[in-house]
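Peer 1: Model the structure of this input:
(chains A and B)
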2 protein chains.
Amino acid sequence: MQASAGIVYTLVTLAIVLAIVYAVYLAVWVKQQKNENKTIERIAGLIRSGANTFMRKEYAILAIFALVVGGLIFLFLPEPIWHGHGITPNLNMMLCYLAGAIFSAIAGKIGIFVASLANARCAEAATHGIKPAFLVGFRGGAVMGLIVVASCLLGVMGVMLLVGDPSMLLGFSFGASSLALFAKAGGGIFTKTADVSADLAGKVELGIPEDDPRNPAVIADNVGDNVGDVAGMGADLFDSNVASMAAAIVMAFVLDGHMTGTNVLMVFCYAALGLISSIVGIFTAKVTDNGGPTRALNNSTYVTTGVFLVLTALATLLFGFRWEIWGASAVGLLVGVIIGLTTNYFTDDNAPIVKKVAHASKSGPAFTILSGVSYGFLSVLPAMVGIAVSALVAYNLGGLIGPEYSMFGISMAAVGMLSIVGMIISNDAYGPIVDNARGLAEMGGLGEETIRVADELDSAGNTVKAVTKGFAIGAAGLTVISLLGAFMSEVNVKLEEMGRAAEKLVGFNLIDPTVFFGILVGAAIPAVFSAMLILGVDKNAQRMIAEIHRQFREIKGLAQGEPGVEPEYNKCIDIATTGALKELIPAGLVAIVATLVVGFIGGVDAIGGFLLGNIVTGLLLALFMSNAGGLWDNAKKYVESGNEGGKGSEAHKSAVIGDTVGDPFKDTAGPSINTQITVVSLVASLMATLFLRFSIF
Amino acid sequence: MQASAGIVYTLVTLAIVLAIVYAVYLAVWVKQQKNENKTIERIAGLIRSGANTFMRKEYAILAIFALVVGGLIFLFLPEPIWHGHGITPNLNMMLCYLAGAIFSAIAGKIGIFVASLANARCAEAATHGIKPAFLVGFRGGAVMGLIVVASCLLGVMGVMLLVGDPSMLLGFSFGASSLALFAKAGGGIFTKTADVSADLAGKVELGIPEDDPRNPAVIADNVGDNVGDVAGMGADLFDSNVASMAAAIVMAFVLDGHMTGTNVLMVFCYAALGLISSIVGIFTAKVTDNGGPTRALNNSTYVTTGVFLVLTALATLLFGFRWEIWGASAVGLLVGVIIGLTTNYFTDDNAPIVKKVAHASKSGPAFTILSGVSYGFLSVLPAMVGIAVSALVAYNLGGLIGPEYSMFGISMAAVGMLSIVGMIISNDAYGPIVDNARGLAEMGGLGEETIRVADELDSAGNTVKAVTKGFAIGAAGLTVISLLGAFMSEVNVKLEEMGRAAEKLVGFNLIDPTVFFGILVGAAIPAVFSAMLILGVDKNAQRMIAEIHRQFREIKGLAQGEPGVEPEYNKCIDIATTGALKELIPAGLVAIVATLVVGFIGGVDAIGGFLLGNIVTGLLLALFMSNAGGLWDNAKKYVESGNEGGKGSEAHKSAVIGDTVGDPFKDTAGPSINTQITVVSLVASLMATLFLRFSIF
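Peer 2: Sure, this is the predicted structure:
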């Protein structure tokens, strides 16, 4: 049977509907869980209102940004409006961009909604043991996973059906990723400002427990989990997913020449099957007597992977898709799993590396930092080699059909790696929900045993995070390689249109100094971008720590925990909000402006190099910072669970410092780099014509 | 007047002789300075014998390594010996390799000799004030600068006159750089093991001053300054200098087709004039009433730069060299100065960044680390852009003559940047000499005022180091770009010889996934290499700290400083030696083996990518680590001079931790990356034929 547009789009629609229905069912299920503890409800309310306030302020700024960029797009893209192609393409591009931005914002909002629904209920469920608590946390996360992926499919299909031009898809993707960039940066700065300050001023200086209600920053910390980890991460993975689909569809469109060709349909079909596989995986997730929550999360990931491979093989057989391309996407998925497992080796507290860093902490904080940095550097090797090998294999598998299929192979490897994104988001959103639940259990006084259960859930969240981050970074790497290919084919299409077919690119020669110029500048950008984000956290946290000190000094009875005395939580939330909003625009803007500067100076050759340099050091730094951060976090937990002297020992003090350094590494800068790379690649593709017309060299 | 071989080689010989005569004069002058204090003489003797022991053991290992590699070269390079080209080329290649290794080893030995000559005399001169002490320290360093550059010119000219084949020059360069790689790694691990342990166990835990004779690690620390900073740095800059000349001569040879063409002669002429300019610069260096030692060092660098530009302009006029190429080397030199100045902005304690990091230290060590990492990341931007721009300008200047001159332009920019290397080495060797002198002044009890003078000399050494490191890294970047060009022309020559002219490379296409595979793997190598070196220091320092603790526990009266009670200095020297020798081979080997693996898997395309990835992240990490390390060092000094609470304050404790993290960054891993990049590039060029014949893809 030939794949027909009717069948495939029906399948996509079915998957979307199924996902939404299941998500609604899960949300209703979560809402029905018990939520009776008044203290918890009050604190959860504080968290909810803090998160909503921040999101409202953030979105107000981002709306202005999106409107300005939308206006610029209307004037200049895909061609300057005075070039006489009529206003329709420009209007379409602007609308696609705005749609992408709105979809991304909605993904963030849904995250906040879900988290605030699930956190208190998860804490209460924890009083009945780990099994019910796991289900509440996980199903809360799954609502988000399902909705995000369904809306991604909906958005991409909508753009294709309504506009039918894949370059508009790049506009949609740019809308999603530019918003994600700022949301991730803003949320990341907020969350780590609060986390670092709460830890340092609370745990280290005052010696009170992690989520003690006396700590003025404790609510801000929990708000941060929501706005940074949930909302930011949702926007981020929405954007990666859209970008990988967009890149694959652009490539497929080049092969097919129209919207209903086999290859375009294949992309949609695989994406729909990925969503269905995630539904199956989510359905099977539960804690059994034989394994803890980590095992439950990992097992459901493996189930999703297996189901995806089987379903796509069936579809390939049934619809006559190319087996070589199936192979490419399978390679992508498997390499994703391998990257995840090796990442896990460097960050899991049952593996030797975490223990070594914990041991080194006995000699002082300098050794915690030095050993963490070293293992963080080492950890990049398997992932970089994995991405390199999967690109090489996928390219050659595609090439078996014909050279024009090579790049499509790479883009389908990225689609494969991200096929199980529904599952990944579920796992990822689970983390901050149970982290919040742990805080609520402590602040609500639910007792030692409940806190222990919540701790176990939380620790599983951290471990699984390492694996899913490996996926996300690997997929971003492959996506951006195919965006590099998309950029080149975009340039060649434009050159043809401009009657300059003779100048068509066959690639970017890395010893051409214009390309080389681009490479070096592009390579510096992720470092600069990371530095700006970390400095944002750094400055902001210093302000918040001063505020915490002030409150303990000035509010009588606070330190002693006298009944009725409460810190001014809102002051801390305000500091985190103001700081994050101030710092969130510049870092993202630097990356975009640098792309424009390099493009208008060195033209498309320099941009090709710029994208490459950006990918290479972006991957390196993202992997390094995520893994080193995870490693320090778990080394601290390992010490806290009684090793190397346990809590209060020298090793513990050192490990806490390591964790504080690692926090903005792994939750602010590291994961934002993904988005930065994607944004820059999309800007390059969208601006191709302008660079061709107006560059100096 | 046309440049004739006779005139240019006479000029080179003259420069060499002049440099050696002046060096001998300076050495004699230093030796005549007073050296009468018995305590100092005894301690200087301990340092000398520790350094010599380490060097002897290190060279014993490296001799075996060099002989093994020499044997392999004899069998396989430039072509496998059974391929019927006779044994002469293989014998020549092996001899050139061994000559390079021996020259490099001699450069290291001279460094040790000079330092042990000058350190005690500099300490005694400091009792008479800063002017005489500066002269002793600087002239000691200058002996080394002059001898290293003269022997570099001698070696390169010798190889060219005796063998007359520029690819043999690559063999000579490989000999120099492979030895430098291990010497730098071994010395770097030794010095930082001792430095970190002495600081942490002495200053921080026991609260005794920096160079207190009670500290068992204090002699090892001073030995480390010599074997790491002096000997390692000498080998390193010798190797950079040879590599930049080799790359330029390979390019020039391609243009001229023979040994006495204008372009080959131009390279030699410029190098000779660079040496003469350095002699002039060294001659003018002195501390005046209007400026301290920093100003004296910087002024003599500027004098050298000015003299070089004037002399080369005259030579270009006189001998009819190409002005475009003069421009390229001038651009290289000027960009070197600019990189140095921007580096200085990030690391100078009179500039705002150091103050900000010192201020952040008040909030705890995590903020010292986070702010240092951030500014370290930011600091890479100007240098990366500077290298990119100088490559672009030099390429285009060369291209004005004809496209075949473009790459030669880049290589001459590197030669320009390194032209003043004699001056750079003098400044660099000055640092550890005065650092040692400071230690001797303290241990010899020369009094407060002398220590203050020595401190001022030491601080100038640190500041100037930042500038010279900027030069060294910038020049390595440009050199390796031209080595990438050299690799490609080497491949094309071989392809022609093999009758596969149709496959000739026009470049490396970065969207070709074989190239891309190489890029990603190459990009990971500097991170892995750095990690291994830092872990080496980390492990070793933990052992030494345990030993220091043991001595203070077991040796009665040591902590109290009872007269006649002395720590067992040799135990610490042994630990540093054994550890360094154990760790020095693996890290370097990883880089070389990775090159071979990638080359035999992916062939020359993958290697092209591998070199690029290696350069890009190598530059990034080298700049980051050197600058962050320098920044932390100076932030600590800034706090110690009474700011942010001064010595003993919380800020000071944090700043010391920052400095400890920074030590292996800036003195072990950072500067070794330079050499790692060079070695890998040379291995690639030398192995080109084998990769062409035997690769899998």
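Peer 1: Spell out which parts of the stretch 201-350 of chain A neighbour chain B.
Peer 2: A:Val204 (Cβ under 8 Å from any Cβ of the partner chain). Where C-beta positions appear, they are placed from N, C-alpha and C, glycine not excepted.
Peer 1: For chain B, what's its nearest residue on the stretch 201-350 of chain A.
Peer 2: Chain B sits closest to A:Val204 of the stretch 201-350 of chain A, with a gap of 7.6 Å, by Cβ to the nearest Cβ.
Peer 1: In this structure that residue contacts A:Ser654, no?
Peer 2: No. At 11.1 Å, A:Val204 does not count as touching A:Ser654 under the criterion of Cβ atoms under 8 Å.
Peer 1: Which residue of the two possesses the greater neighbour count?
Peer 2: A:Ser654 (28 against 16; other Cβ atoms under 10 Å in any protein chain shown).
Peer 1: quick one, what contacts the more buried one?
Peer 2: Listed by Cβ atoms under 8 Å, 6 or more residues apart in numbering or on different chains, the contact partners of A:Ser654 are A:Ser361, A:Lys362, A:Ser363, A:Gly364, A:Pro365, A:Phe367, A:Thr368.
Peer 1: Of the residues you listed, which fall within the contact range of chain B?
Peer 2: Okay, of the contacts of A:Ser654 touching chain B (Cβ under 8 Å from any Cβ), that's A:Ser363, A:Gly364, A:Pro365, A:Phe367.
Peer 1: Now go through those and say which are in helices.
Peer 2: A:Pro365, A:Phe367 (DSSP state H).
Peer 1: which one of the ones next to chain B among the contacts of A:Ser654 has the most neighbours?
Peer 2: A:Pro365 (30 neighbours).
Peer 1: distance of it from A:Val506?
Peer 2: 52 Å (Cβ to Cβ, to the nearest Å).
Peer 1: The residue lying closest to A:Ile338 once chain neighbours are set aside: how many residues sit nearby?
Peer 2: Leaving aside its sequence neighbours, A:Ile338 sits nearest to A:Gly386 (Cβ to Cβ, 6 or more residues apart in numbering or on different chains; 5.6 Å). When counting by other Cβ under 10 Å, one arrives at 23 neighbours for A:Gly386.
Peer 1: Next secondary structure element downstream of whatever helix or strand A:Gly386 lives in?
Peer 2: Taking DSSP states H and E as the definition, one finds A:Gly386 inside helix A:365-401. Of the helices and strands lying after helix A:365-401 in sequence (DSSP H and E), the nearest is helix A:406-418.
Peer 1: Only C-alpha atoms, please: export that following helix in PDB.
Peer 2: Coordinates of each C-alpha in helix A:406-418 appear next as PDB, following Å, rounded to 0.1, in the frame of the first residue of the first chain:
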ATOM      1  CA  SER A 406      22.000  11.500   2.700                       C
ATOM      2  CA  MET A 407      21.100  14.700   4.600                       C
ATOM      3  CA  PHE A 408      17.500  13.500   4.900                       C
ATOM      4  CA  GLY A 409      19.000  10.400   6.700                       C
ATOM      5  CA  ILE A 410      20.600  12.700   9.300                       C
ATOM      6  CA  SER A 411      17.400  14.600   9.900                       C
ATOM      7  CA  MET A 412      15.500  11.400  10.300                       C
ATOM      8  CA  ALA A 413      18.000  10.200  12.900                       C
ATOM      9  CA  ALA A 414      17.200  13.400  14.800                       C
ATOM     10  CA  VAL A 415      13.500  12.700  14.400                       C
ATOM     11  CA  GLY A 416      14.100   9.200  15.700                       C
ATOM     12  CA  MET A 417      16.000  10.400  18.700                       C
ATOM     13  CA  LEU A 418      13.200  12.800  19.500                       C
END
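Peer 1: Quick one: mean pLDDT over it.
Peer 2: The average pLDDT within helix A:406-418 is 89.
Peer 1: and the contacts of A:Ser654, which two are the farthest apart?
Peer 2: Farthest apart among those by Cβ to Cβ are A:Lys362 and A:Pro365. That separation is 10.7 Å.
Peer 1: Show the contacting residues for the residue nearest to A:Ile338.
Peer 2: Neighbours of A:Gly386 in contact, by Cβ under 8 Å, 6+ apart: A:Val335, A:Ile338, A:Ile339, A:Thr342, A:Gly474.
Peer 1: any idea of the angle the helix or strand of chain A at the bottom of the mean pLDDT ranking forms with helix A:365-401?
Peer 2: Lowest by mean pLDDT, DSSP states H and E among the helices and strands of chain A is helix A:448-497, with a mean of 82. Angle of helix A:448-497 versus helix A:365-401, following axes from the mean of the first three to the mean of the last three Cα atoms, to 10 degrees, is 50 degrees.
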